[in-house]
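> I'll drop the sequence and a predicted model, then ask my questions.
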Amino acid sequence: MVRDLNGAWGDRGGEGTTTAEVHRDDWGIPHLRAGSPRALARAQGRVTALDRAWQVEVERHRTQGTSASFLGATALAWDLFARRARLADTAGRCFAALERQDPETADWVRAYTDGVNDGLAEGARRAPEFARTGLAPGRWEPWHPLGVWLGAHILFAGFPAKLWREHVVCHLGPGAVDLFATDGPVTSGSNGWLVSGERTVT
């Protein structure tokens, strides 16, 4: 059973009932504890939908190229790009590959999506944007989180430079990349870091 200390709701995992707790501090920030990674993912999905229903639904529609239907003509250019780039199709294929290659992680993503679906209607009632635009909250599929990630990152960092490098490699070969570098010899990318297994406990 998932116990919300400011309410109550449940989650049933693969082996009976799994426990998770959600506590909100004086600033309303949720703190989650769970008996399993799956239960934690579901609890995180639920509180995300409660607190950010409008944001997650806008991003889901942007992934699918349908945001102009409620945001208006200003969103049309993005929708056309998302469809031409096949973000939804790519996310769907990525999740299918994840299911084949790493079923445990795929189940974790599915649990997060279940949590989003648990909290989305309630979160939408709290967000005035839904009423103003006439948007009804939809139902999340397991590939949607991957699509949101793709939509948020496809233009992140040096996307034009990456396309240019690919063009150079295709036409002139890998050895010519340095001759036409547009972003300098050393780029640090984002503020995200990877740590090798030599520096981690697990």
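In hand now; what should we look at?
> so which helix or strand takes in the residue sitting nearest the centre point of the chain?
The chain has residue 145 as the residue nearest its centroid, 3.4 Å off, counting by CA atoms, centre = their mean. Assessed by DSSP states H and E, residue 145 sits inside helix 144-153.
> buried residues, the longest helix along the chain. List them.
Longest among the helix segments of the chain by residue count, using DSSP state H, is helix 37-64. By neighbour count on 16 or more other CB atoms under 10 Å, the buried set for helix 37-64 is 38-54, 56-64. All C-beta spots, glycine's among them, are computed from the backbone N, C-alpha and C.
> which elements pack onto whatever helix or strand comes next after it?
Under the assignment DSSP H and E, the closest C-terminal helix or strand after helix 37-64 is helix 68-71. Counting contacts by 3 or more CB pairs under 8 Å, 6 or more residues apart in numbering; DSSP states H and E, helix 68-71 packs against helix 37-64, helix 76-84.
> now do 10 Å
helix 37-64, helix 76-84, helix 128-133 (3 or more CB pairs under 10 Å, 6 or more residues apart in numbering; DSSP states H and E).
> contacts only, for the closest residue to residue 94 other than its chain neighbours.
In space, residue 94 comes closest to residue 146 once its chain neighbours are excluded; the distance is 5.1 Å by CB to CB, 6 or more residues apart in numbering. By CB atoms under 10 Å, 6 or more residues apart in numbering, the contact set of residue 146 is 63, 87-88, 90-95, 98, 109.
> give me that answer again for 8 Å
Going by CB atoms under 8 Å, 6 or more residues apart in numbering, residue 146 touches 91, 94-95, 98, 109.
> now the angle from the helix holding residue 145 to helix 37-64?
Going by axes from the mean of the first three to the mean of the last three CA atoms, to 10 degrees, helix 144-153 is angled at 50 degrees with respect to helix 37-64.
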